[in-house]
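Student: Sequence first, then the predicted structure, then my questions.
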Amino acid sequence: MVLWHLFWAFCVANILGYGGGPPSIPLIQNEVVNHYGWMTNQEFGEAFAFGNALPSPIATKLGGYIGYQVAGVPGAIAALLGTIAPSAIAMIVLLRFLTLFKTAPQVKAMTQGIRPIVAVLMGLLAYEFFRDAVIGPAGILHTILLAGLSYLFMERIKVHPALVISSSLLYGAVFLS
């Protein structure tokens, strides 16, 4: 039954996550943390942060990792199928209509209307991660230090974000584990 739950959790999140990875992340987090309780919010945040440091779409990385953590290789396969199936089926079914309606004003208006919703969902997710990161005086200190140094290196010194993320992961592995 857990394989079905993995498939369904990622399928629902990716069906409702219109627009790709960013809109589906809060939905995946809700299913994984709040609905099924497979991970804590902190564990999900760590998986999300590590997944962002790797190439490829974030939803598939989260699906594979969380599925594997919950039910091994079969779980990873079930979660990946749940992640990929909605888009694949929709593309096959809707490919014919794609060229007919791509310039329709209703479709453009729908896309413009969804952007603020995605921004709010990502903002709530960032708030939850920040809230969990600043537990206790040490958490606040580390959060301020990493945020300040990240800003300094990326915006002022113009260091590539991949190097800042890698350095932050190394800092976390050394000082926060």
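Tutor: Okay, I see it. Numbers count the residues shown, from 1 in each chain.
Student: C-alpha only now, for contacts and for neighbours.
Tutor: Will do.
Student: could you check the distance from residue 146 over to residue 165?
Tutor: Using CA to CA, to the nearest Å, residue 146 is found at 10 Å from residue 165.
Student: In space, not sequence, find me the middle residue of this structure.
Tutor: By CA atoms, centre = their mean, the chain has its centre lying nearest to residue 25, at 3.5 Å.
Student: Name the secondary structure element that contains that one.
Tutor: Element membership of residue 25, judged by DSSP states H and E, is helix 21-29.
Student: Mind listing residues that contact the helix or strand encompassing residue 141?
Tutor: Take DSSP H and E as the rule and residue 141 turns out to sit in helix 136-151. Helix 136-151 is contacted from outside by 133, 134, 164, 168, using CA atoms under 8 Å, 6 or more residues apart in numbering.
Student: list the buried ones in that helix?
Tutor: 139, 142, 143, 146, 150 (16 or more other CA atoms under 10 Å).
Student: Tell me the secondary structure at residue 55.
Tutor: Classification of residue 55 by DSSP: H, G, I helix; E, B strand; the rest coil places it in coil.
Student: Please report the distance of it from residue 162.
Tutor: Taking CA to CA, one finds residue 55 at 10 Å from residue 162.
Student: quick one: residue 127 and residue 108, what's the gap?
Tutor: 29 Å.
Student: can you check residue 142 too?
Tutor: Counting by CA to CA, the gap from residue 142 to residue 108 is 42 Å.
Student: before we move on, the earlier item: which strands or helices does the helix holding residue 25 pack on?
Tutor: Helix 21-29 makes packing contacts with helix 2-16, helix 58-101, helix 105-133 when contacts are defined by 3 or more CA pairs under 8 Å, 6 or more residues apart in numbering; DSSP states H and E.
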